[in-house]
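Engineer: quick one, structure for this:
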Amino acid sequence: MINLKALAIKIKFSEAFFKVHYTKASRLTYPIPLPTSVAGMFGSMLGLQRKACGEQFKEYLFGAAVVSGTQINIQTENCSYMLLTKKERGVERISILNSPEYYIVIAGKEVGISNYYNKITSEIKYLPFGGQNDFFPLDWKIIGLTEVTKKTKVSGYVPTNWVSSIHQDTKLEILPVAHNISTISESFTFILSGAVEIREQIPCAIVNTVSVPLYSLEQFVLVGEWKS
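Structural biologist: Residues are numbered from 1 along each chain as shown. Modelled structure (predicted):
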């Protein structure tokens, strides 16, 4: 056990889209929100602007995992758009997550996490959204505070080169992620169900028996207002 506390929330969306930044011809989605998306969700609930999130959350860890028993279904649709500067219309393919349900976690020193817990339990400032601001949650539940421990058996997502073995009946998806964690591989393994074993222990929040790996925002490539 390490000297950190975690606040966990279960959240469900009708639809969600977490953009894979490397895609250009079509818009693919990550099956699970990355730490920056999770930080944005907590920032919304706390009433923080995005630029303030990048500064205030520097000392915190974030993670997410699929709720046990949830089926991750991705539907590909045509999306029309218009470039106002060029007055051009077009159509592109977009992948949408249907009815995903996640555990989202923020972790840090007990004083700060307890403060966030008290604020969120008393009032949700703004509704979090599922990657885009027209994908609002169907439901959410504050799981509460939990300990942070180091684990090698994890769900959620990890750099692909960390994976040493895969548990039976585990479902995975591998996608590129812009991160600063490993120079060996840019890809991450997303655990849609089940768990994997990794080579070294990492901080995790245990939420209803699911080990949710936790990361700092600086371990990922930050763009726009997320930059300090």
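
Engineer: so what strands line up beside whichever helix or strand residue 158 is part of?
Structural biologist: Following DSSP states H and E, one finds residue 158 within strand 157-159. Partner strands and pairing direction for strand 157-159 (DSSP bridges) are strand 187-193 (antiparallel).

Engineer: can you give the contact residues for the partner strand?
Structural biologist: Contacts with strand 187-193, where a contact means Cβ atoms under 8 Å, 6 or more residues apart in numbering, come from 30-32, 65-66, 68, 70, 72, 154-160, 163, 169-177, 179, 196. For every residue, glycine as well, the C-beta is placed using N, CA and C.

Engineer: what about that strand, distance to the chain center?
Structural biologist: In terms of Cα atoms, centre = their mean, to the nearest Å, the gap separating the centre of strand 187-193 from the centre of its chain is 12 Å.

Engineer: does residue 185 really touch residue 160, like I thought?
Structural biologist: Yes: Residue 185 lies in contact with residue 160 (Cβ atoms under 8 Å); the separation is 5.1 Å.

Engineer: neighbour count winner among the two?
Structural biologist: Ranked by neighbour count (other Cβ atoms under 10 Å), residue 185 and residue 160 place residue 160 first, with 20 against 16.

Engineer: contact partners for that one?
Structural biologist: Here residue 160 is in contact with 174, 185, 187, 188, 189 (criterion: Cβ under 8 Å, 6+ apart).
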